[in-house]
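1. sequence first, then the predicted structure, then my questions.
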Amino acid sequence: MLKYFYFLGFIILTHTTFPQEAFRVHINRINLPIDNQGILANVNINGQEGGYLDDKQFLFSGGFFLSGKNADSIWANAMASASRIEDYQPGNVDSIPYDPKYCIYDVEDFYAFGYEWQKYRYAVNIGAAFYDGDGDGIYNPVDLNGNNQWDPNEDRPDILPGSLTTWCVYNDGVPDSIRAFEEVSPLGIEIHQTLFAYSGENNFDARASTFFVRYKIINTGKVNNLLDSVYFGGWADTDLGAMGYYDDLAGCDTIHNSGYVYNDGEDPDWGINPPAHFIKILQGPFAYVAGETFIDNNSNGTYEEGIDTPLDSAYNFKGEYLGIDTLSGARNLGMTSFVHYMSSHPTQGDPDNSYQARNYLKGLTYNGENYDPCTWWAGEVLGGIDCSQVNPIFMYSGDPVTQYGWINLLPTDQRQLPSSGPFRLEVGKPVNIIVAHIVGRGTDNLNSITVSRNYSEAIQSFYESNFTSIPVSVEEQNPDLDVNKFELYQNYPNPFNSGTTIKFTVPTVLPVNNYHRSSIPVTLKIYDILGTEQLVLFNERSYGGEYEIKVDASALPSGVYFYQLKAAEFAQSKKMILLR
């Protein structure tokens with residue numbers, strides 16, 4: 001049985017059968033089927049599968065990879081159906097997998113106190129979060145004052161305002177005999193997945209081409225109270241066109257914490273302007289790093305509140321009503337590596353075991369070696385960049401739009417894997433990761449990358465407002481740059497292993513009294529995380545122009561640094577990461 005909802009001007013089609021093992025998210029320009037064990041797009045509903053934008057396919061299958069250490073043993077698991085890896089099943093750890101309550105729960109603000117809000121009681125019983133308006137600790141969505149709308153003293157599901165939200169729970173309990181990596185047994189990992197999307201006010205808004213997936217990853221302690229050195233990867237088999245996916249290319253954008261797939265030109269299905277599909281690590285896992293996120297005053301390697309000195313904080317953004325969790329002494333990791341692998345390729349194909357999967361998650365070849373940007377057969381370093389200075393764990397970190405940096409030159413059927421880690425999975429300390437899937441469509445294949453980046457910046461602002469300040473249009477977030485203003489650009493490559501390049505622009509200084517041109521003092525300096533000056537890169541007077549500074553950081557230890565441009569009353573800083 002099907003029903004149609006009219007939601008903020010858009011039709012949403014959903015199953016009403018309870019339980020529903022699959023659900024179609026159809027909002028704005030996105031049409032995406034999902035199931036209750038973590039598969040995105042590669043789910044058949046009424047004879048149709050795949051993720052669609054503007055009624056054309058952009059995604060064959062999406063999901064994730066995980067890998068870590070259980071004591072000294074390496075493990076990996078995934079939901080990556082195109083790679084034939086499906087290690088998770090519906091339900092909580094040790095539950096009966098196909099119990100009717102382990103379905104997909106869909107809830108919306110628009111239908112306050114309706115059927116979906118009431119059905120959500122089952123979700124709460126198996127771990128879903130809710131807003132406890134009356135403060136009694138029990139989920140009971142009742143319209144207390146009878147005004148037919150939700151009020152802050154009333155309970156509600158975990159819905160971010162104005163969104164369509166789905167929730168399900170699954171675990172890594174698939175038996176050894178049918179797992180892709182037979183050497184790995186179930187570890188008692190449970191994942192609470194929330195997929196949500198927002199209605200856009202026009203079809204070209206960032207929201208109209210974006211959906212979010214929140215993974216709440218829980219170590220239940222069934223096997224070990226600590227799973228260490230964990231990496232998470234947002235995975236996708238991006239197929240830009242149902243038939244034309246062998247002309248896809250891969251890239252990554254370290255500034256936007258994103259991997260992406262784009263087309264090499266005109267596409268048989270999409271025409272002259274195929275989209276780009278970005279997977280953005282919007283909220284990375286939290287990690288405590290002695291000397292970087294806290295001062296380890298007792299030298300025991302563990303952050304202890306009241307003893308150690310916090311230098312940073314990690315955050316878990318949960319929306320206006322559930323608020324923000326703050327973890328002092330930690331930080332949210334960004335994208336820490338990116339690889340692509342290819343369908344059925346003998347040396348850069350689907351991982352055959354947990355060792356290969358973990359290597360991919362760490363930005364290495366399937367056998368654990370570093371890629372060499374200078375000799376890599378599927379790409380080339382362009383624009384005069386020293387290929388030996390390009391960080392090999394971020395494949396194709398250059399810019400295809402400007403043909404600058406490491407660029408993928410071999411179009412094929414791509415799988416993309418932006419990853420984040422390492423972090424720890426400890427009993428009683430869930431890790432919340434939020435991934436944004438952004439599909440930008442511009443005037444041609446390369447302009448689609450630019451559009452996706454603009455969307456990414458708007459979505460980043462949206463996230464940093466705790467999902468409350470919804471951008472109306474990308475233009476509000478990204479006005480055209482004025483060439484007469486100061487501009488400090490992100491260093492490239494970043495992260496880097498010893499050398500990198502920083503560009504900045506100083507506005508042209510106008511003549512004074514028509515006799516001479518005035519100049520202004522300009523400095524560019526590097527500081528460590530404590531604010532201690534480390535390097536002076538530029539210190540002179542400038543009449544204006546564009547500058548490109550080569551940085552030699554070989555004398556600095558690995559870590560997070562900041563570089564700051566100062567001129568007159570202008571000051572701007574950006575973060576850079578030195579990895580050896």
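-> Okay, I see it.

2. below-threshold pLDDT in this structure: ranges please.
-> Applying pLDDT under 70 to the chain flags residues 1-19, 161, 200-204, 470-484, 508-519, 530, 568-569.

3. what do you get if the cut-off is 50, keeping everything else the same?
-> Low-confidence segments of the chain (pLDDT under 50): 1-18, 203, 472-484, 510-517.

4. quick one, helices of it?
-> For the chain, the helices defined by DSSP state H cover 115-125, 354-361, 445-464, 474-477.

5. ok, which of those helices comes nearest A78?
-> With C-beta to C-beta as the measure, helix 354-361 is the member of those nearest A78 (6.7 Å). (Glycine included, C-beta is placed from N, CA and C.)

6. give me the contacts around that closest one.
-> Defining contact as C-beta atoms under 8 Å, 6 or more residues apart in numbering, one finds that helix 354-361 is touched by 65, 67, 74-78, 85, 181, 183-184, 231-233, 337, 339, 341, 351, 365-368, 417, 419, 421.

7. again with stretch 111-124
-> By C-beta under 8 Å, 6+ apart, stretch 111-124 touches 5, 18, 101, 105-108, 128, 130, 139, 141-143, 148-150, 156-157, 167.

8. for PyMOL, write the select line for the buried members of the residues you listed.
-> Of the contacts of stretch 111-124, the buried ones go into a single PyMOL selection, burial set by 16 or more other C-beta atoms under 10 Å:
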select buried, resi 5+101+105+106+107+108+128+130+139+141+150+156+157+167
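
9. which residue is the nearest non-sequential neighbour of F294?
-> G329 (3.9 Å; C-beta to C-beta, 6 or more residues apart in numbering).

10. residues contacting that neighbour?
-> Y288, T293, F294, Y303, E305, D308, P310, L311, D312, S313.

11. now the residues you listed as CSV including distance to I529 and neighbour count?
-> Compiled in CSV, the contacts of G329 are given as follows (distance: C-beta to C-beta, whole Å; neighbours: other C-beta atoms under 10 Å):
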residue, distance to I529, neighbour count
Y288, 14, 22
T293, 9, 23
F294, 11, 23
Y303, 15, 20
E305, 20, 10
D308, 15, 21
P310, 12, 15
L311, 6, 19
D312, 8, 17
S313, 13, 14
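
12. tell me the centre residue of this structure?
-> I281 (1.7 Å; C-alpha atoms, centre = their mean).

13. any figure for the gap between that one and E49?
-> 26 Å (C-beta to C-beta, to the nearest Å).

14. likewise N539?
-> N539 is 59 Å from E49, by C-beta to C-beta.

15. and the two? which has more neighbours close in?
-> E49 (18 against 11; other C-beta atoms under 10 Å).

16. pretty sure that one sits against P33.
-> Yes. Using C-beta atoms under 8 Å, E49 is in contact with P33, at 6.0 Å.

17. next, count neighbours for the residue lying closest to I438 once chain neighbours are set aside.
-> Spatial nearest neighbour of I438, excluding adjacent residues (C-beta to C-beta, 6+ apart): F278 at 4.2 Å. As a burial measure, F278 scores 32 neighbours (other C-beta under 10 Å).

18. got the domain ranges for this protein?
-> 2-285+423-477, 294-331, 487-578 (automatic domain parsing).

19. and the ones you listed, which is most packed in?
-> domain 2-285+423-477 (a mean of 20; mean count of other C-beta atoms under 10 Å).

20. quick revisit: contacting residues for the residue nearest to I438?
-> 253, 256, 258-260, 436-440, 452-453, 455-456.

21. next step: the residues you listed restricted to strands.
-> D253, S258, G259, Y260, A436, H437, I438, V439, G440 (DSSP state E).

22. go through the residues you listed and name the one nearest A206.
-> I438 (7.3 Å).

23. go ahead and confirm that closest one touches K280.
-> Yes. Using C-beta under 8 Å, I438 is in contact with K280, at 6.0 Å.

24. return every residue with contacts to both of those two.
-> S258, S456, I459.

25. got a markdown table for the residues you listed, with distance to L382 too?
-> As requested, those are exported to a markdown table (distance: C-beta to C-beta, whole Å):
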| residue | distance to L382 |
| --- | --- |
| S258 | 20 |
| S456 | 23 |
| I459 | 28 |
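
26. strands of the stretch 401-550 of the chain, start to end?
-> In the stretch 401-550 of the chain, the strands defined using DSSP state E, counting those that start in this stretch lie at 405-408, 414-426, 431-440, 487-488, 499-506, 511-512, 516-517, 520-528, 533-542, 545-552.

27. what's the closest of those strands to D247?
-> Closest approach to D247 among the strands of the stretch 401-550 of the chain (C-beta to C-beta): strand 414-426, 10.1 Å.

28. report the distance from that closest one to the chain centre.
-> Distance of strand 414-426 from the chain centroid (C-alpha atoms, centre = their mean, to the nearest Å) equals 10 Å.

29. same deal with stretch 239-255?
-> Worked out by C-alpha atoms, centre = their mean, stretch 239-255 lies 17 Å from the chain centre.

30. could you dump it to CSV, C-alpha only?
-> Extracted in CSV, the C-alpha atoms of stretch 239-255 (Å, rounded to 0.1, in the frame of the first residue of the first chain):
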residue,chain,number,x,y,z
ASP,A,239,27.4,6.3,-11.5
LEU,A,240,26.7,9.6,-13.4
GLY,A,241,24.2,8.2,-15.8
ALA,A,242,22.6,4.7,-16.0
MET,A,243,24.6,3.8,-19.1
GLY,A,244,27.4,6.4,-19.2
TYR,A,245,29.2,5.7,-16.0
TYR,A,246,32.4,4.5,-17.6
ASP,A,247,33.3,8.1,-18.3
ASP,A,248,33.5,9.2,-14.7
LEU,A,249,36.5,10.7,-12.9
ALA,A,250,37.4,11.0,-9.2
GLY,A,251,38.9,13.8,-7.1
CYS,A,252,39.1,15.1,-3.6
ASP,A,253,38.9,18.6,-2.1
THR,A,254,40.8,18.7,1.2
ILE,A,255,39.5,22.2,1.9
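
31. from the contact counts, what lies against the longest strand seen in the chain?
-> For the chain, the strand with the greatest residue count under DSSP E is strand 56-70. If you count contacts as 3 or more C-beta pairs under 8 Å, 6 or more residues apart in numbering; DSSP states H and E, strand 56-70 packs onto strand 51-53, strand 73-80, strand 226-238, helix 354-361, strand 414-426, strand 431-440.
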